[in-house]
Structure formats: C-alpha cells, structure tokens
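Q: Everything below, folded, please.
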Amino acid sequence: MSARLRDLIRAVRACKTAAEERDVIAKESAALREAFREQDPRYRHRNIAKLMYIHMLGYPTHFGQMETLKLIAANGFPEKRIGYLGLMLLLDERQEVLMLVTNSLKMDLNNHKNQYIVGLALAALGNICSAEMARDLAPDIERLLENPNPYIRKKAALCTIRVLKKNPELIEEFQEKAADLLHDKNQGVALSGVTLMLQICQQDSAVVNRYRAHVSTLCKTLRSLLQGGFSPEHDVGGITNPFLQVKILQLLRVLGRGNAEASDIMTDILAQVAANIEGSRNAGNAILYEAVGTIMGIETIGGLRVMAVNILGRFLANRDNNIRYVALNTLAKVVAVDTQAVQRHRATIVECVKDADVSIRRRALELVYSLVNENNIKNLTRELLDYLAVCDSEFKPDLTAKIALLIQRYAPDKRWHIDSLLQVMVQAGAHVKEEVVRSLIVLITNVDDLHGYAVRRMYSALHQHLQTAEASLLSAAAWCIGEFGEMLPQGRGGALLEGEPPVSASEADIVSILEAVLKRPKLSVAVREVVLTAAMKLTARLPSQVTRLRNIVERHKGSVLLEVQSRSCEYSRLLAQHTDITPQLVEHMPALDEAEYSRNLAGTGAAAAAAGASPTTAAGGAAAAGDLLALG
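A: Next up is the predicted model:
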C-alpha cells in the first residue's frame, strides 16, 4: 500500500533543499511505477492524484498516462472524476495516446444515468480535444445541446466553443442551435449560449447578419435582468447575474457595429443600463464598462455617447486605481469618436497626470496629448509645465517630449511658442531633444520682428539659470546671443513687446556671459563649439569688445578637442589676416524654409540608413545639418 497524497505533500514541504525534494519525488515515482505494474485497481485513483501533484511540481509523469485512461474507463464517478482531471493535466492534444480515450468519451457522453459523468466528459473535451476528436464527437455534442437537463446543455454549449475553434467548418451546423439557447429559461444555459454566439461571430463575420434578428430577444433578456426582483441564486453585489449582462452587452456591440437598424433597437436598453446600474461595486462597474464600450462601438446618437463619457468621468473620480486606468484606456479610444464629450472631463484627466501611480500617469499623458487643440493648448500646457517642475525624474523625459511636441504642433503664435519652449528648457533642459532646439532656432531665424524679443528672453533665462542650465538652453541662448547679440543693449533691439520685462545688458555683459558659460565644469563639446561661433560673430557686431572676443576664440587653439581646436584656429586666422571679409562671413543667417529644412534632416537620416552608415557617419550627417545653423 502506497502513501496517501497528504503524506506526500507533507514530506515535500518538509524538505529543506531542492536535492531532498528530488529524492522524495524519485522514491515516490518509483513506488508509483511499481504500483502501476501490479495493476491494483484499489488505489489507482490515489496514485493518479499523487501523479498530478508531482506533475504540478514540474517533474516528469509520462509513465502514468495510461493509468489515467484506465480510470476514465472505470464505472464509478469518483474514479472518472480523478481520471478526467488527470487527463486534462497530464496530457495535451498533441499526444497520440489521447486518441485512445475517444471511445470512453463517446460512451460517457451517452450516459443517461449520471449527468455529472456527462459533464466530466464535456469539460475534458472543452479543454484538450484535438481536431480529430472534435470532428468525431461533434454529433454527440450537437445532440446534447437539446438535452432536457440544463446542466448538460450548459456544458455542451461551452464544449462547442472548443469544437468550433478546432473545426471552423462545423459552424453552420451549430449556429442556429446556439441562437436557440437564448430562449432558455435557465440563465446559466443562456450565458453559455451568448458566449457561443460571440465565438461564432468572431470566427465567421457572415453569421453576424443572421444573428441581428435576435437583437430584440437579447434586449428583452437584458431588460428582464435589470427590472427583475431579487434572485439569491444569481445575485452578485445586489446586481442580478452581472456575468450574463456583460456577455449580452458584448454581443450587442458586435451585432450593432456598422448597422443603424440594429443600433436603434438597442438604444433604449443601453440608456437604461447606463442610468440604472450603480457603480459602487465591481459588478456594477463591469456592466457600466461594457455598456460604454457598446455605446461607443455602435451607431448611436450623440446624447447616449455623452452619457457614456460621463460614466467614464465617474470612473476617473474613483479611488480604485484599476478602475481609473480602465477609464483612461477607454477614453483614449473614445476621443476618436467624440472629442467634445471627452473635453468636458479635461480637468480630471490632467489631475490624473499627477497621480502617484506611474501607469495612470502615462495613460493620462497620452490622453491629454489626444485632447489638445488650438483652443486649449495654452491652458493645458500651463498645467503640464506646472507639473513638470515637480514630477518624478523618471517621468520627466516622457512629459518633456510630449509638451515639446504639443507646443510645436498647436502653438497659437510665434511669441508663445518661443516662451513655452524656453520654459521647458529651463525646467527640464536635460530631456529636451536636439531636434527641438534646432526647430526653435529655425523658428527664431524666420521671424524678423521677434529677433530682439527672442535674444532678450534667451539672455535673461541664461543669466538667471547660468549654474543650472542644461545643454539645450546653453546652445539655444548662445546661438541667439551670437546671432542677435547687438540688439541686447538698451535702445538697439526695438521697442519692448507688451508685457515684456526690460533687460539691462551692456556689450561687456554680453561677452561676460559667454565667458561664464565656457568656465562651467563638464561643459559639453557641442555647447563649447556654439559659444566659439557666437564669439566669432560678435566680433563684427560689438566693436568695443573685439579684444575680449578674440581672446575667447584664441584661448582654445590648444584644445584637446579636435573640432574646438579647428574652429579656434580658423576663426583666429580670419580675425588676424582677413578682417576685410570677416563682416560678410558672419552676417545674420538668412530665413530658412522650415518644411525644406525638415525634409533635409529626414533625408539625411534616411540616406544614412539606406547606405548602412555607421553611427559615426550618421552623426556626421546630423552635424553637417547643424552647421547650416552654425550649431555644429
């Protein structure tokens, strides 16, 4: 007599090392092999139970598969129960030995004495049957769909789902029988019928048109669930059979998609679901979520969609993070259908960007990005910038990239565009991409009437944040100062714009700030190159500071950085030997075609990729594009 299952479990749990566990399993496996050879039927079910436990621990159990089939062939229900459980755990549809059980399954499907034996056979078929088994036993399953016992009808409907997955050509034989289950008084059978209809619709879209005739029946069933009294058998959290309600709503969504007539029939019941179901429990929230998905997925009127979006708005105010995440996920899909309805909950969505849960923050940020347009860009950007100043460091790169994209796409005017990107560079300059800085420089270059304003704003920002400024702000400010630095001294850059604070900067102050930038520790090579170019340009624009500017340029002749040394030597030679042509060489950059510039940048990257260029070569192409702006 072998040990009992509980004794084996106790022995395994008492093991202190993996080696001890392997020894226990090896001894028990040897005992099981010996028991199987003796063909003793008395403890066969116990041995299979232990075999399943060993299998769940991850050890090989193939030696006991035939014993499982013998248990299934036994007459008693307890033996069959263990046998079918072992069949589902120890075997799968790819093993040839599975075909040996087909005859036992057929006999059990035709068992008229014990409904639970029929249920075991149907459950096993629904889990592991192969295409051949499904084809052979399909007539028996089809017959069981009409069995007077609701328990068997329900199991047969669920088993049919697996049969149709393995043999789609059998759909035609089952499609009407699946629809007949909708009229069943037993709610479990009706649930199985709706699930089967959903599966058939997913596999064969042509059946959807036929099933649209049953929309009225589905609506009637859903209405009876909403208006029916308390039923202890089906009550979940004060809601009658939420599982059936959810499945019906899913099926209505499939049937109403792209069909106005079917959508009109289900409009009233969807409004009732949205208005009457309470979201205080998970069961109610599940139904409301499916109702929203159905409303948005069919041809409904605007008022019903607004009601659906309001439900999602209530979800956003829920304390449960899972519900809020689901609401944000759904709203992201709804935006494409009804943007105005989602806009009403903009404030709540923006608050979700500040949530402690990172997954909610990311979803909310994506949704905000979808909501932005020319009318609300200023308000949303202001709120996002306020949050950018205090958000977690790991969230800043995504948030910075999104804000920069929004500003570039929806900026209402050029001045606001410059101010907003400047604020982003001040708050999160380390995460501002080089492409954003380049596009800002192109923008400033092309707007003649904002040259003075831009250089004043850049100078002020650099002066205030000199010690904390990142490479993006340093590059943009140094470029602006080099290009339009002569406009900084009072009276030279035109009148101040409305609301613009005055800037007090002498020619000496301009040179001093460039010197201060160069003295910063760990200054990047790219910024150093831009500052050298700026100093060179200012030699023609600030005559009183030529000596200091020349010192800045010549100081880097011995630099270990090749590009910096090269620029220093070339600029120094120009200043020493070619003073007659220097002013023409450092003239203001001409206006650039932004579209053409973008195409050139894209073309450079595409050409490098097509040619299989190395990273170094690709970087060189980007630097060449940057040289057009004297950045490189």
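
Q: Quick one: residues contacting Gly482.
A: Going by Cβ atoms under 8 Å, 6 or more residues apart in numbering, Gly482 touches 530-531, 533-538, 630. To be clear about C-beta, it is placed using only N, CA and C from the backbone, and glycine gets the same treatment.

Q: Most neighbours out of the residues you listed, which is it?
A: Counting neighbours by other Cβ atoms under 10 Å, Ala535 comes out on top of these with 29 neighbours.

Q: Check which helices and strands whichever strand or helix holds Leu8 sits against.
A: Using DSSP states H and E, the element containing Leu8 is helix 5-13. Applying 3 or more Cβ pairs under 8 Å, 6 or more residues apart in numbering; DSSP states H and E, we find helix 5-13 packed against helix 18-38, helix 44-56.

Q: For whichever helix or strand comes after the shortest one, give the mean pLDDT please.
A: Read that as helix 44-56. Note on helix 44-56: by DSSP H and E, the next helix or strand toward the C-terminus is helix 65-73. Taken as a whole, helix 65-73 has an average pLDDT of 87.

Q: Could I get the contacting residues of the closest residue to Cys352 other than its chain neighbours?
A: Distances taken as Cβ to Cβ, 6 or more residues apart in numbering place Ala364 nearest to Cys352, at 3.6 Å, with adjacent residues excluded. Shown in contact with Ala364 (Cβ under 8 Å, 6+ apart): 328, 349-350, 352-353, 355.

Q: coming back round to it: what angle sits between the helix holding Leu8 and helix 18-38?
A: 150 degrees (axes from the mean of the first three to the mean of the last three Cα atoms, to 10 degrees).

Q: any idea how far helix 5-13 is from the chain center?
A: Computed by Cα atoms, centre = their mean, to the nearest Å, the chain-centroid distance of helix 5-13 equals 44 Å.

Q: quick one, it and helix 44-56 angle?
A: Using the same axes, to 10 degrees: helix 5-13 against helix 44-56 is 20 degrees.

Q: I'd like the average pLDDT over helix 5-13.
A: pLDDT averaged over helix 5-13 gives 92.

Q: Restricting to C-alpha, output it in PDB.
A: These are the backbone C-alpha positions of helix 5-13, laid out as PDB (Å, rounded to 0.1, in the frame of the first residue of the first chain):
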ATOM      1  CA  LEU A   5      -1.500  12.200  -1.100                       C
ATOM      2  CA  ARG A   6      -1.400  14.300   2.100                       C
ATOM      3  CA  ASP A   7       1.600  12.300   3.400                       C
ATOM      4  CA  LEU A   8       3.400  13.100   0.100                       C
ATOM      5  CA  ILE A   9       2.600  16.800   0.400                       C
ATOM      6  CA  ARG A  10       3.800  16.800   4.000                       C
ATOM      7  CA  ALA A  11       7.100  15.100   3.000                       C
ATOM      8  CA  VAL A  12       7.700  17.500   0.200                       C
ATOM      9  CA  ARG A  13       7.000  20.600   2.400                       C
END
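
Q: neighbouring contacts of that helix?
A: With Cβ under 8 Å, 6+ apart as the test, helix 5-13 has contacts from 3, 21, 24-25, 28, 46, 49-50, 53, 57.

Q: if we can go back for a sec, could you identify the least confident member of the contacts of Gly482?
A: pLDDT across those is at its lowest for Ala630, which sits at 44.

Q: What residues of the helix holding Leu8 count as buried?
A: For helix 5-13, a neighbour-count test (16 or more other Cβ atoms under 10 Å) marks 5, 8, 11-12 as buried.

Q: Any stretches of the stretch 451-600 of the chain with poor pLDDT?
A: Residue ranges of the stretch 451-600 of the chain with pLDDT under 70: 594, 597-600.

Q: what's the closest non-adjacent residue to the spatially most central residue of the chain?
A: In the chain, the residue lying closest to the centroid (Cα atoms, centre = their mean) is Arg363, at 7.3 Å. The shortest distance from Arg363 to any non-neighbouring residue, by Cβ to Cβ, 6+ apart, is to Leu328 (4.1 Å).

Q: ok, how many other residues are close to the one you found?
A: 24.

Q: Ok, the one 3 residues further on next?
A: When neighbours are defined as other Cβ under 10 Å, Leu331 has 26 of them.

Q: got the contact list for the helix or strand it falls within?
A: Using DSSP H and E, Leu331 maps to helix 321-334. By Cβ under 8 Å, 6+ apart, the surrounding residues in contact with helix 321-334 are 285, 289, 292-293, 296, 305, 308-309, 312-313, 315-316, 318, 341-342, 345, 349, 352, 355, 357, 359-360, 363-364, 366-367, 370.

Q: If you count neighbours, what's buried in that helix?
A: 323-332, 334.

Q: same deal with stretch 11-25?
A: Within stretch 11-25, the residues that count as buried by 16+ other Cβ under 10 Å are 11-12, 21, 24-25.

Q: Also stretch 569-585?
A: By neighbour count on 16+ other Cβ under 10 Å, the buried set for stretch 569-585 is 569, 571-572, 574-575, 582.

Q: and what of stretch 216-236?
A: Within stretch 216-236, the residues that count as buried by 16+ other Cβ under 10 Å are 218-219, 221-222, 225-226, 234.

Q: Find the nearest non-adjacent residue to Gly256, please.
A: The shortest distance from Gly256 to any non-neighbouring residue, by Cβ to Cβ, 6+ apart, is to Ile298 (3.3 Å).

Q: what comes into contact with the strand or helix carrying Glu79?
A: Per DSSP H and E, Glu79 falls inside helix 77-90. The list of residues contacting helix 77-90 from outside it, by Cβ under 8 Å, 6+ apart, reads 44-45, 48-49, 51-52, 55-56, 61-62, 64-65, 68-74, 101, 108, 114, 116-117, 120-121, 123-124, 127-128.

Q: avg pLDDT for the helix holding Leu331?
A: What helix 321-334 shows for mean pLDDT is 90.

Q: Spit out the contact partners of Ala49.
A: 5, 82.

Q: what separates it from Lys220, distance-wise?
A: In this view, Ala49 and Lys220 are 47 Å apart by Cβ to Cβ, to the nearest Å.
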